[in-house]
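give me the fold of what follows.
(one chain, ligands or ions: 2)
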Amino acid sequence: MLYLQVVRSSSAGNCTLLWNATGCLVIDAGIPVGLLKQHLEKNDLTLDAALITHGHRDHLSNACCNFFRSNGVPLLFGNAAIAGYYEASLPAMAKGNATVRLFMTQPFEAGPFRIAPFEVSHDSEGGCYGFTVQCGNKKIAYATDLVEAPHAMAERFRDSDLIVIESNHDPIMLENSGRPYYLKQRIRERAHLSNEKSCDFIRTVLSLSSRMPRAIVLAHISTECNKPELAQKEMKETLKLCMRDEIEITLTYRDKESKKIAL
Ligand SMILES: [Zn+2]
Ligand SMILES: [Zn+2]
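Numbering: from 1, shown residues only. Ligands and ions are numbered 1, 2, ... in the order given. All right, here's what the predicted structure looks like:
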């Protein structure tokens, strides 16, 4: 059995755990370390590696970084610029002794997982990465923090057993929010995927797939410019149009963990 649980997902902090009987991977760790430890203990997990998508502080906290460093958990960054960003911003990284590996765009292995990274478009230093993770005969596709989901990415997502995709904002709620103009513009043009774009992307992925995912996990849902129920409703309508409404939609939250998904 392969399990995935999103511990937290929002601009306030992101963390996802992926594990089976022989290994465990954490994807991003921008949360309080106590919360991470609580989830590791609850599920009796030992980490093989911490895979970090990009250099924004909601994706790696100083306390989690310190925990990885003192427990010898390798930190996997896409490139030297992302590692450099955290070295400059996290005291735990600046201390040294962290095991850091750079994966660039080459597939690599961590514990029982075979990970194929790819770059996505996001306004962070050193760029941002999405992944497909293969474990046994199961495939998981994962991308949050991206402004666009191009066709080439849909090709990578095809035939997955589980999809984690950002569904950040509703464009009208974003426009009507009290956020300053530059921030609205950043979210829309350089940073995050709207519900609409997320739905369009899933439609493309499903049209390319010969087998269907068991679930679609909607991630990095904005608190101010979206509602989990709205993101879910739009994805539900998309699945209905694709005649695939048997696919489960799983929500993620700012302040509580998602449902645990077993594959
Ligand atoms: Zn983020
Ligand atoms: Zn980001």
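
quick check: residue 1 touching residue 21?
Yes - Residue 1 is within contact range of residue 21, at 7.3 Å (criterion: CB atoms under 8 Å). Placement of C-beta: from N, CA and C, glycine included.

so residue 145 touches residue 190, yeah?
No - with contacts counted by CB under 8 Å, residue 145 stays clear of residue 190, the gap being 10.7 Å.

tell me which of the two has more neighbours.
Neighbours were counted for residue 145 and for residue 190 using other CB atoms under 10 Å; residue 145 has more, 27 against 13.

which residues are common contacts for residue 145 and residue 190?
Shared contacts of residue 145 and residue 190 (CB atoms under 8 Å, 6 or more residues apart in numbering): residue 122.

before we move on, the earlier item: need the overlap of contacts for residue 1 and residue 21.
Joint contacts of residue 1 and residue 21 (CB under 8 Å, 6+ apart) do not exist.

need the helices for the stretch 1-150 of the chain, in chain order.
In the stretch 1-150 of the chain, the helices defined using DSSP state H, counting those that start in this stretch lie at 33-42, 62-70, 80-89, 91-94.

from the rest of the structure, what touches the first one?
Contact partners of helix 33-42, identified using CB under 8 Å, 6+ apart, comprise 5, 7-8, 15, 17, 24, 26, 29, 45-47, 61, 63-64, 66-67, 257.

PyMOL command for the buried members of the residues you listed?
The buried residues among these can be selected in PyMOL (16 or more other CB atoms under 10 Å) with this line:
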select buried, resi 5+7+8+15+17+24+26+29+45+47+61+63+64+66+67+257
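
residue contacts, the residue of the stretch 151-263 of the chain found nearest ligand 2?
Nearest to ligand 2, among the residues of the stretch 151-263 of the chain, is residue 191, at 6.5 Å (CB to the ion). Neighbouring residues of residue 191 by CB under 8 Å, 6+ apart: 122, 123, 145, 147.

residue 87 contacts residue 95, correct?
No - taking contacts as CB under 8 Å, residue 87 lies outside contact range of residue 95: 9.7 Å.

many thanks, have a good one.
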